[in-house]
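[1] Sharing a sequence plus its predicted fold:
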Amino acid sequence: MSVQVRHLAKVFKHAGGDVQLFRDLSFDVPAGGSVALVGPSGSGKTTLLRLIAALERPDAGSIVVNGQDVVALSGEDARRFRRQNIGFVYQEHRLLPQLTALENVLLPTLAEKTTRNAGEYRDDARRLLAAVGMSQRETFFPDEMSGGECQRVALARALILRPTLLLADEPTGQLDAARVEQLLALFQQINRTEGVTILMATHSRQAMTFMKEHVVLRQDDGGK
Ligand SMILES: Nc1ncnc2c1ncn2[C@@H]1O[C@H](COP(=O)(O)OP(=O)(O)OP(=O)(O)O)[C@@H](O)[C@H]1O
Ligand SMILES: [Mg+2]
């Protein structure tokens, strides 16, 4: 799934002073591409991922995902676009505390009206938990898991509806070096074998080496 960003600008109006992000940002991600999105804290990485997911609207410019004008989407159309295309791994894992790891992974499937049945989703969820090394934690609740474990469950949840575009916000932030390597390898594998396009916001140089390209956001002037 390709992503095309053109002349993007975002302003947050704020009583304490407006925040102007990337005044004129343009870049392309080809279908099957993988991009590390880098830049200092506050440069707009999270905001850019939210814009691409139609969770936020830009003040100028366009975002086209697989031929679809994302900026024009709102309400139920935006939700459907996300459900059908996008997996999102948040900077904080955002698992629901009252659900187990397995139930959290299955959560996005509850709103789905598809031909796949609950048993198939359950098998998929188990496979994904195994892929992120969390088979032993299926019945654990978020407050019974470490931050890095929760982050890995969140990745499994982001993949359960088989997205073609994976947006990941600093997914390796809470992991130790060995786990970072493992998770990055998993991202790479998802990208290469399943053709999932990946955009990953990251501060990690190591993460950059696993992605095919990188886009740099600057604090003051935006740009590429
Ligand atoms: N809803 C909002 N209202 C006002 N300002 C906001 C809002 N959301 C984000 N900002 C501002 O936009 C800037 C970019 O925020 P963003 O979260 O996108 O940065 P980031 O690059 O992801 O940073 P980090 O590396 O720390 O996660 C920040 O300076 C922040 O204060
Ligand atoms: Mg951020």
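    It's in. Ligands and ions are numbered 1, 2, ... in the order given.

[2] So what's the residue count around the residue nearest to Glu170 when sequence neighbours are not counted?
    Sequence neighbours aside, Gln91 is the residue nearest to Glu170 in space, at 4.9 Å (criterion: CB to CB, 6 or more residues apart in numbering). Yep, even glycine has a C-beta here, placed from its N, CA and C like the rest. Neighbours of Gln91 under the rule other CB atoms under 10 Å: 16.

[3] what do you get for Gly32?
    Neighbourhood size, Gly32 [other CB under 10 Å]: 16.

[4] what's the spacing between the residue lying closest to it once chain neighbours are set aside and ligand 2?
    Nearest residue to Gly32, sequence neighbours excluded (CB to CB, 6+ apart): Gly195, at 4.8 Å. According to CB to the ion, to the nearest Å, Gly195 and ligand 2 sit 26 Å apart.

[5] Quick check: Gly195 touching Ala31?
    Yes. Using CB atoms under 8 Å, Gly195 is in contact with Ala31, at 7.3 Å.

[6] Run through the chain and note the low-pLDDT ranges.
    Along the chain, segments meeting pLDDT under 70 span 113-115, 220-224.

[7] Near ligand 1, which residues of it? Just list them.
    Proximity of the chain to ligand 1 (CB under 6 Å from any ligand atom) is limited to residues 12, 14, 19, 21, 39, 41-47, 91.

[8] Let's see that with 5 Å instead.
    Phe12, His14, Val19, Ser41, Gly42, Ser43, Gly44, Lys45, Thr46, Thr47 (CB under 5 Å from any ligand atom).

[9] of these, list those near ligand 2.
    Lys45, Thr46 (CB under 5 Å from the ion).

[10] taking the residues of the chain next to ligand 1 one by one, which sit in strands?
    In this view, the residues of the chain next to ligand 1 that belong to strands under DSSP state E are Phe12, Val19.

[11] about what we covered before: could I get the phi/psi values of the residue nearest to Glu170?
    phi -60, psi -40 (degrees, to the nearest 10).

[12] list the contacts for it?
    Thr46, Asp169, Glu170, Gly173, Ala201 (CB atoms under 8 Å, 6 or more residues apart in numbering).

[13] and the fourth one, backbone torsions?
    Meaning Gly173. When read as degrees, to the nearest 10, the backbone of Gly173 gives phi -50, psi -40.

[14] how about the strands of the protein, start to end?
    Per DSSP E, the chain carries strands over the ranges 3-12, 19-29, 34-38, 60-65, 68-69, 86-89, 165-169, 197-201, 213-216.

[15] looking at those strands, which is buried most?
    strand 197-201 (a mean of 25; mean count of other CB atoms under 10 Å).

[16] list the helices and strands that one packs on?
    Where contact means 3 or more CB pairs under 8 Å, 6 or more residues apart in numbering; DSSP states H and E, strand 197-201 is packed against strand 34-38, helix 45-52, strand 165-169, helix 177-194.

[17] can you do 6 Å?
    Strand 197-201 sits against strand 34-38, strand 165-169, with contacts defined as 3 or more CB pairs under 6 Å, 6 or more residues apart in numbering; DSSP states H and E.

[18] Output the last one as PDB, restricted to C-alpha atoms.
    The one in question is strand 165-169. This file holds the C-alpha atoms of strand 165-169, laid out as PDB (Å, rounded to 0.1, in the frame of the first residue of the first chain):
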ATOM      1  CA  LEU A 165      -0.100  -0.400   6.100                       C
ATOM      2  CA  LEU A 166       1.500  -0.700   9.500                       C
ATOM      3  CA  LEU A 167       2.000   2.600  11.400                       C
ATOM      4  CA  ALA A 168       4.200   2.100  14.400                       C
ATOM      5  CA  ASP A 169       5.000   4.900  16.900                       C
END
